[in-house]
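# Can you look at this prediction? I've put the sequence above it.
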Amino acid sequence: MEVLQFIHSYWAYLVLFVLVVATLNALFKFFGNKEFDAKDFRISLFALITMHIQLLLGLILWFTKGYFDEMTVGEVMKNSTIRNLAVEHPTTMIIAVILVTIGYSKHKKKLVSKPKFKMLAIFYTLALVLVLAKIPWNLWFS
C-alpha cells in the first residue's frame, strides 16, 4: 500500500502539470482564435488519461485505507484532517475527473476550432480550480 500511495502522490504532479498545460492551451487558443490541430487533441487527451489513471489509483487507495473500518462516519466527519482525506478530497477529485471527461467528450462533437476550445477551456478550467482547491498541500510540502 505504501508503494501505491507513493505512486498516487507523485503521479499527482504529472496530472497537475498536464491539466495546467491543457487548460492554458485551450484558453490561449480560444481567445487567440487559433485552429484546432492534432497537438491540441493529444494535449487534451493526455490530460484525460492522466486524470483517469490518478482516479483509479486514488479509488484503490481509498478502498484499502479503510477510513471507515475503525471510525464511524460521525467520527470521520468531526475530524477535519481525516474528513478531508476520506471524503472531501476524493469527492472533489471525482467531480474534477467528471468535468474533464465531459469537456473532452463535448469538444469532440464540435466541428470547428472555436467551440472545441471553448468546451475544453470551460470544463478543464473548472476541473483545475477544483483540483487546486483540494490538493492536500500540507502533505505535498511536508
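Noted; the coordinates are in hand.
# excluding its backbone neighbours, what's nearest Phe30?
Distances taken as CB to CB, 6 or more residues apart in numbering place Phe117 nearest to Phe30, at 3.7 Å, with adjacent residues excluded. Placement of C-beta: from N, CA and C, glycine included.
# nope, Leu55 is what I meant
Closest to Leu55 by CB to CB, 6+ apart is Val97, at 4.8 Å.
# Next secondary structure element downstream of the helix ranked longest in the chain?
Counting residues, the longest helix found in the chain (DSSP state H) is helix 2-31. Proceeding N to C from helix 2-31, the next assigned helix or strand is helix 38-65, under DSSP states H and E.
# Report the inter-axis angle for that next one versus helix 2-31.
Relative orientation of helix 38-65 versus helix 2-31 (axes from the mean of the first three to the mean of the last three CA atoms, to 10 degrees): 150 degrees.
# contact partners of the next helix or strand along the chain from helix 38-65?
Once the chain leaves helix 38-65, the next helix or strand it forms, by DSSP H and E, is helix 67-70. Helix 67-70 has contacts (CB atoms under 8 Å, 6 or more residues apart in numbering) with Val76, Ile82, Leu85, Ala86.
# Helix 67-70 - what's its average pLDDT?
Mean pLDDT, helix 67-70: 78.
# Output that helix as PDB, nothing but the C-alphas.
What follows is helix 67-70, C-alpha atoms only, in PDB (Å, rounded to 0.1, in the frame of the first residue of the first chain):
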ATOM      1  CA  TYR A  67     -11.100   5.100   6.900                       C
ATOM      2  CA  PHE A  68     -14.500   3.700   8.000                       C
ATOM      3  CA  ASP A  69     -13.200   0.400   9.400                       C
ATOM      4  CA  GLU A  70     -12.100   1.800  12.700                       C
END
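# gap between it and the chain center?
25 Å (CA atoms, centre = their mean, to the nearest Å).
# residues of that helix that come out buried?
Tyr67 (16 or more other CB atoms under 10 Å).
# could you say what helices and strands the helix or strand just after it packs with?
Next helix or strand after helix 67-70 toward the C-terminus (DSSP H and E): helix 73-78. Counting contacts by 3 or more CB pairs under 8 Å, 6 or more residues apart in numbering; DSSP states H and E, helix 73-78 packs against helix 80-83.
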